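Engineer: sharing a model prediction with you, sequence too.
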Amino acid sequence: MINWHSKEFKNLTPHELYAILQLRTEVFVVEQNCVFQDMDGKDEHCHHIMGWNGDKLIATARIVPPGIAYEFPSIGRIVTSPAARGQSAGKALVNKSIDELNRLYGNSTIRIGAQLYLKKFYEAFGFEQSGDVYDEDGIDHIQMTRISN
């Protein structure tokens, strides 16, 4: 059972912020062997989705307002704990993130920068490739867009 929360950056507790950064580092830096600047100055402008199993953060993403990363609102830093994989936590996280983004910004077009190997995963949520493959920190990415209905 995942307990979902969404908070603005300014309302995150130190424990929540630490858990978010710890999970992002565990996956994006250690597991994917990618040295990059995770704290990119965008977090302070975002709502943060957190999926908790007890006191363990197992999934997180950030809702980026329009004009920060793209002209449209965006979902970024989408990550699930390796310990929670295979339990549909990633699918639940993306669905929660889309719902929260639409709650915040209305039924909006959404743009993401996705790792190329996850293209089919995001297509299942209505995202379509909207740009060429590009290298970001040594990993192939694509821009994807989900048009509002």
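Structural biologist: Good, I have the coordinates. Values in this document were obtained by computation on a predicted structure and should not be read as measured data.

Engineer: now residue 9. Nearest residue, chain neighbours left out?
Structural biologist: Nearest residue to residue 9, sequence neighbours excluded (C-beta to C-beta, 6 or more residues apart in numbering): residue 44, at 4.9 Å. Where you see a C-beta, it was placed from the backbone N, CA and C, and this is true even at glycine.

Engineer: what's the local residue count around that neighbour?
Structural biologist: Residue 44: 10 surrounding residues under other C-beta atoms under 10 Å.

Engineer: tell me the secondary structure at it.
Structural biologist: Three-state call for residue 44 (DSSP: H, G, I helix; E, B strand; the rest coil): helix.

Engineer: for the lowest-mean-pLDDT helix or strand in the chain, packing partners?
Structural biologist: Counting by mean pLDDT, DSSP states H and E, the chain has its least confident helix or strand at strand 134-136, which shows a mean of 90. On a contact count with 3 or more C-beta pairs under 8 Å, 6 or more residues apart in numbering; DSSP states H and E, strand 134-136 meets strand 139-146.

Engineer: the least confident helix or strand of the chain pairs with which strands, and in what direction?
Structural biologist: strand 139-146 (antiparallel) (DSSP bridges).

Engineer: any idea whether the one residue sitting closest to the centre of the chain is helix, strand or coil?
Structural biologist: Closest to where the C-alpha atoms of the chain average out (C-alpha atoms, centre = their mean) is residue 78, at 2.5 Å. Put simply, residue 78 is strand when judged by three-state DSSP.

Engineer: can you tell me which helix in this protein is longest?
Structural biologist: Ranked by residue count under DSSP state H, the longest helix found in the chain is helix 89-105.

Engineer: alpha carbons of the helix or strand that comes right after it, in CSV - could you do that?
Structural biologist: Where DSSP states H and E defines the elements, the next helix or strand beyond helix 89-105 is strand 110-115. The C-alpha trace of strand 110-115 is given here as CSV (Å, rounded to 0.1, in the frame of the first residue of the first chain):
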residue,chain,number,x,y,z
ILE,A,110,2.6,18.1,-20.4
ARG,A,111,6.1,17.9,-21.6
ILE,A,112,8.8,15.6,-20.2
GLY,A,113,12.4,14.8,-20.9
ALA,A,114,12.5,11.0,-20.8
GLN,A,115,15.3,8.5,-20.8
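
Engineer: kind regards, and thank you for your time.
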